[in-house]
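Visitor: Pasted the sequence and its predicted model underneath.
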Protein chains: 2
Amino acid sequence: MAKLRRLLIGAPIATSQASHERLSPFFGLPVFSSDALSSVAYATEAILGILILKSTAGDTSLLNIQIWISAAIVALIFIVAISYNQTIHAYPNGGGSYIVASENLGETCGLIAGAALLVDYVLTVSVSVAAGVAAIVSAYQNLNHLIVPISLACIAVVAWANLRGVKESGVVFAIPTYGFVGGLMIVIVLGAIKVMTSHPVAQQVYAMDANNHSLIGTELSAGMLFIVLRAFAAGCTALTGIEAVSNGVQAFKAPEADNASKTLRWMACLLAIMFIGVSLLALRLPVLTLHDGHNSQYETVLSQIAKWTFGGKNNLGYQWTQWFTALILILAANTAFADFPRLSSLLARDGFMPRQLSRQGDRLVFHNGIVALAIASGAIVVLFGGTLDNLLPLYAVGVFTAFTLSQFGMVVHWNRLREGSWKRGAVINSIGATLTLIVLGIILVTKWRDGAWIVTILLAVLFASFKIVKSTYGSVTRQLALSDAATVKTLKRETTVLLINRVHKGVLFALDYARATGLNLHVVHVAINRRALPEVQSLWEQYGGGIPLEVINAPYRSLINPVLAYIDRLLAEDPDQFITVVVPEAYSNRLLNRLLQETVAAQLKAALGKRKNVVVTNVRYIID
Amino acid sequence: MAKLRRLLIGAPIATSQASHERLSPFFGLPVFSSDALSSVAYATEAILGILILKSTAGDTSLLNIQIWISAAIVALIFIVAISYNQTIHAYPNGGGSYIVASENLGETCGLIAGAALLVDYVLTVSVSVAAGVAAIVSAYQNLNHLIVPISLACIAVVAWANLRGVKESGVVFAIPTYGFVGGLMIVIVLGAIKVMTSHPVAQQVYAMDANNHSLIGTELSAGMLFIVLRAFAAGCTALTGIEAVSNGVQAFKAPEADNASKTLRWMACLLAIMFIGVSLLALRLPVLTLHDGHNSQYETVLSQIAKWTFGGKNNLGYQWTQWFTALILILAANTAFADFPRLSSLLARDGFMPRQLSRQGDRLVFHNGIVALAIASGAIVVLFGGTLDNLLPLYAVGVFTAFTLSQFGMVVHWNRLREGSWKRGAVINSIGATLTLIVLGIILVTKWRDGAWIVTILLAVLFASFKIVKSTYGSVTRQLALSDAATVKTLKRETTVLLINRVHKGVLFALDYARATGLNLHVVHVAINRRALPEVQSLWEQYGGGIPLEVINAPYRSLINPVLAYIDRLLAEDPDQFITVVVPEAYSNRLLNRLLQETVAAQLKAALGKRKNVVVTNVRYIID
């Protein structure tokens, strides 16, 4: 096991070896922007998928509203980016929403922000992997039925890489990010040229659910405003990840804040250009097909655009676009694997999550957090069938909750500080906070039935768990606290109970141990199988070293209860003694041997309940 | 936990309270026949489902072959029943296939029969529950999307009842069984009258898959003989459970064998009448619709027959038929919950399965076997979507393997015995064995691609595991065996290592214990968090009773490896000493507290590997 673990995870890394690579904006962009930039792969499609529901087969002109929605989202991107730019300068040591909200708005808001971010990181993994797999499946449609297994394999690989400890290496991250950005820019430019040089034709739009029934017009009765807002809410997934830079200011070269700020500006510009470019092209394709993710002919809008631009699938341009889309999306999932364990370790250090999450493993990573994230995101992929239509409505609730709290926190921060250009900062953050709060409201209302309710419940459950965990740890600490009166007591009487089932080498070894420890030794056999009793007794006669064997009955065949009753009798005689129950165990390094063995000591320990002064221990006799 | 367990499972039952109700044939029939009789609910449909694949839309007369196939299956039922009648008289103490095959054909055949039966019991639960739920869903079609959850709930309830310990009470079992038999007889009689008094019309047959595409004629190109044999193989599921009586001869009133024999005859007759009756009626319905189990309009053939006979769904007759069908199917699942744990306890007692399966719990049931069966059958329901079309092709392979081996075993038995009418017995069993072997061949060939291959692999895996478990236990026993030289050694030096993280009441309690046991005590602190070290040291100065605190470094932040290194240093000094590592633990009865705690002792124990003479123990300080 230990060898296997080393092979998979690698040799330990000393604390002193922790590296601190400092990034320039050029390399910082790939490290912090994959989540934000990769949303171009699904945001446009999400907007169109809503608008089509209210279009009619004869008239799909409603889809053109998409441009205006996209423009609104780009405006929002810049406002949020400018607002977070304030945070970069105010919290140069890294201002995650949990920290900013906790410090300025108090514990409750901090915990809500923390819960929102945790949920959001889980969804980032699920959504990014689902979108990455969608890019591959669009290129190779015969893989369609393998969506869920491929997604789980991707999560497993990313989790494994993070357990080994991925350095957030700018060079390694640069290739997929700039490969994606470059590919998409070429698509946009070539596509624009092709649009302008070809004869304009009326676009044919199809939208099919899993059973090939048309989705067009299935929500004609819905209000126009509601549909537009719902489409806007769907597009807001483009903003996820925009806060990443402000969490990692310290990773930049000096002057840290300025370089981070520059990276944030670049990211916002690239995101805006690609998002608008894709949105414009989507409506110029001669044939646009929107499929339900379960439809066997599913193809992403981005794949359709690239196919049309490059004139087919069998060419470098198309393959480049699809593979780099998949790569940057996997990278986006990877950033969540850095952020989730880090945030949960902060929450664990503050006592709001299990302490196990705050332990760095021997590879310098928070391994428990990585495993927890992999399980949670994998479960969500399975539960929602690995399709974006199902997953996207859950997304963005958490992000906008964190945005809003973080920025209101900044407003309080400025008002408290009242230094330098604090008024300007307060105004900018107020605008950002108000807008993101409004957007959060829109998202909650329009996506409520599609999944926002699930996220809301999850947030409430997480918040409650934080509180419960905190109070549990608090109670433990209070009960263990040393008063001045506490001191080491005088020695107590020590009793050892050796439990034997049959008589074999392992039992004699344990007898050896028990005689070495206990002055007062009882050897006890529980007679579950009465037919075997004479043999046990005669063997003990021969090998037991003259110590008498006490036989106790098991009228209910259970081993545990008679032993407990025996312990209670001993404790009744002298409540102040320590009782050590020794259970012999034949131990083998082979996992199979251990699975085939009965775990008497563990069962006994679990059954002890509140009995004081009782210690259960396994004495292991090593076999092959 | 213990209280919750008592509430759910009930108070312990003493071995002496084990009841031995003796059954008359009238009450024995319900106890042993539910599995066999309930197959009427799906066997006819299974045959028609195959034949329709080779029919054409214009000509579904091929379906009429179903009567001849049913007749052949009824003949097979009687032959197998007569053959098992021999077993009843030869093995009045109960002659399960595992015992008969082991005793007469040797270990290998016995284990194959055992594996076949285990697989079969798991499938009995899955198939019976799926068919029971299908009966309910046919009556209430809006429940269609809940098939899997309802099935899992049924399995959970039956498992829970068996964990409490269901008495195989004749009276309780009689109600669903005779309710089902009575209801079905009324359907058959009324249906027959309705057929004879109504004008004959040409039957309309529809068959739809999940997407409402017609299934008719989808295998036109298959060979005629192959399709007929495949339909026959599908119908052979009607024979499952026919051997049950021969396993439980001792449950009958004296004369046991005669009463068991009588019950078997009754069962065969009732099964034959109901099976033929349903098969005849199915082809006289004006409209017959065969649906894929995933189709949202799925309705069983039996439900269609009852609906037509009683003229609708809202009447006592129809509801009676559906609910009693569901009940007898749940009862059939229940019998597997008695048989699987019993057989696995036999295999465990013989060392072929983990010993844990041979332990009777305090409610006199083999609880581990019950839990294992519930998990396995639940997993199969989930994997196969809870639909009979998917599950039935797996069924019957195991049964016919066990039939064949058991009856060949009987042939050997007669030849060895050569007493009384042994020649007659040998001839009957030879015929039975040969026929069931041929049927097994047909099932394997015709159902191979539909799922028989899965069962074949499962059988091979189970067989291999039996062998591996046996050899593992054998190796453990050999290594632990006492030689005459074995004796208790002289006392060794005893060292205690107390591991402390912080200094609190629990640590002082453990120190108290450690001082009481060890003459040679080391107190060790692993400095993972170096900033906390001064506080730990100064507190220890104050409360540590003058014992020096040894601080060891953790360059890799892991607690476990530095401790192992420390132990190795101690062992290097004196390999013959016993080292007891004491880990203080704050213990609470609250599950949450325990989950939030780090399991240092368990981790340390797991990491010890082959280090000899090292004992790890938790000293628990009780908190609320």
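Guide: That came through fine. What you see is a predicted model, and the numbers here were worked out from it, not measured in a lab.
Visitor: list the contacts for the closest residue to A:Gly114 other than its chain neighbours?
Guide: Leaving aside its chain neighbours, A:Gly114 sits nearest to A:Tyr98 (4.3 Å; criterion: CB to CB, 6 or more residues apart in numbering or on different chains). (Glycine included, C-beta is placed from N, CA and C.) Counting by CB atoms under 8 Å, 6 or more residues apart in numbering or on different chains, A:Tyr98 makes contact with A:Gly110, A:Ala113, A:Gly114, A:Leu117, A:Leu343, A:Leu346, A:Leu347.
Visitor: Over to A:Asp339?
Guide: So A:Asp339 contacts A:Leu117, A:Tyr121, A:Ala244, A:Asn247 (CB under 8 Å, 6+ apart).
Visitor: Now it: which helix or strand?
Guide: helix A:316-349 (DSSP states H and E).
Visitor: on that earlier part again, just the buried members of the contacts of A:Tyr98?
Guide: Among these, those that count as buried by neighbour count (16 or more other CB atoms under 10 Å in any protein chain shown) are A:Gly110, A:Ala113, A:Gly114, A:Leu117, A:Leu343, A:Leu346, A:Leu347.
Visitor: could you show me where the strands are in the stretch 101-250 of chain A, in order?
Guide: Ranges of strands within the stretch 101-250 of chain A are A:204-208, based on DSSP state E, counting those that start in this stretch.
Visitor: where along the stretch 501-624 of chain A do the strands fall?
Guide: Assigned by DSSP E, counting those that start in this stretch, the strands in the stretch 501-624 of chain A fall at A:520-527, A:549-553, A:578-587, A:614-622.
Visitor: ok so A:Leu482 is a helix residue?
Guide: No. Per DSSP: H, G, I helix; E, B strand; the rest coil, A:Leu482 lies outside any helix segment and is coil.
Visitor: these two touch, right, it and B:Leu508?
Guide: Yes. Counting by CB atoms under 8 Å, B:Leu508 is a contact partner of A:Leu482 at 7.5 Å.
Visitor: what residues are up against A:Ile216?
Guide: A:Ile52, A:Leu53, A:Ser55, A:Thr56, A:Ala57, A:Thr60, A:Val205, A:Tyr206, A:Ala207.
Visitor: again, but for A:Val74
Guide: Here A:Val74 is in contact with A:Ala272, A:Phe275, A:Ile276 (CB under 8 Å, 6+ apart).
Visitor: Domains in chain A, by residue range?
Guide: A:23-469, A:494-622 (automatic domain parsing).
Visitor: With B:Tyr178 as the reference, name the closest of these.
Guide: domain A:494-622 (35.3 Å; CB to CB).
Visitor: Straight-line length of the closest one, end to end?
Guide: This stretch, domain A:494-622, spans 27 Å end to end (CA to CA, to the nearest Å).
Visitor: what is the mean pLDDT for that domain?
Guide: Average pLDDT, domain A:494-622: 85.
Visitor: Ok, stretch A:281-294 next?
Guide: 82.
Visitor: Which residue lies nearest the spatial centre of chain A?
Guide: Nearest to the mean C-alpha position of chain A, counting by CA atoms, centre = their mean, stands A:Leu373 at 2.8 Å.
Visitor: What pLDDT is listed against that one?
Guide: At A:Leu373, pLDDT is 94.
Visitor: What strand or helix carries it?
Guide: Remark: A:Leu373 resides in helix A:367-383, with elements defined by DSSP H and E.
Visitor: For the stretch 401-550 of chain A, just list every one of the helices.
Guide: Under the criterion DSSP state H, counting those that start in this stretch, the stretch 401-550 of chain A contains helices at A:422-447, A:453-480, A:505-517, A:533-543.
Visitor: what comes up buried for the last one?
Guide: The one in question is helix A:533-543. Buried residues in helix A:533-543 (16+ other CB under 10 Å): A:Val536, A:Gln537, A:Leu539, A:Trp540, A:Tyr543.
Visitor: For chain B, see how far away the last one is.
Guide: Spelled out, that is A:Tyr543. 6 Å (CB to the nearest CB, to the nearest Å).
Visitor: Tell me where the model's unsure across chain A.
Guide: For chain A, the stretches with pLDDT under 70 are A:1-21, A:94-95, A:165-170, A:211, A:361-365, A:484-492, A:518-519.
Visitor: Tell me who's in contact with A:Ala306.
Guide: Contacts for A:Ala306 (CB under 8 Å, 6+ apart) come out as A:Val187, A:Gly317, A:Tyr318, A:Thr321, A:Gln322.
Visitor: Just give the nearest non-adjacent residue to it, would you?
Guide: A:Thr321 (4.2 Å).
Visitor: swap in A:Tyr206?
Guide: Counting by CB to CB, 6+ apart, the residue nearest A:Tyr206 is A:Thr289, at 4.5 Å.
Visitor: Look up which helix or strand the one you found falls in, please.
Guide: Per DSSP H and E: strand A:287-291 holds A:Thr289.
Visitor: elements contacting that strand?
Guide: helix A:43-51, strand A:204-208, helix A:301-310 (3 or more CB pairs under 8 Å, 6 or more residues apart in numbering or on different chains; DSSP states H and E).
Visitor: returning to that earlier point: now, which of the contacts of A:Ala306 sits nearest B:Ser261?
Guide: A:Gln322 (70.8 Å).
Visitor: ok, how many other residues are close to the residue lying closest to the closest one once chain neighbours are set aside?
Guide: The shortest distance from A:Gln322 to any non-neighbouring residue, by CB to CB, 6+ apart, is to A:Ala139 (4.5 Å). Using other CB atoms under 10 Å in any protein chain shown, A:Ala139 is surrounded by 22 other residues.
Visitor: Quick check: A:Ala139 touching A:Tyr318?
Guide: Yes. Using CB under 8 Å, A:Ala139 is in contact with A:Tyr318, at 7.4 Å.
Visitor: Overlap in contacts, these two.
Guide: With CB under 8 Å, 6+ apart as the test, A:Ala139 and A:Tyr318 both reach A:Ser303.
Visitor: still on that earlier bit, sort out which one of the contacts of A:Tyr98 lies nearest chain B for me.
Guide: Set against chain B, the nearest of those by CB to the nearest CB is A:Leu347 (13.0 Å).
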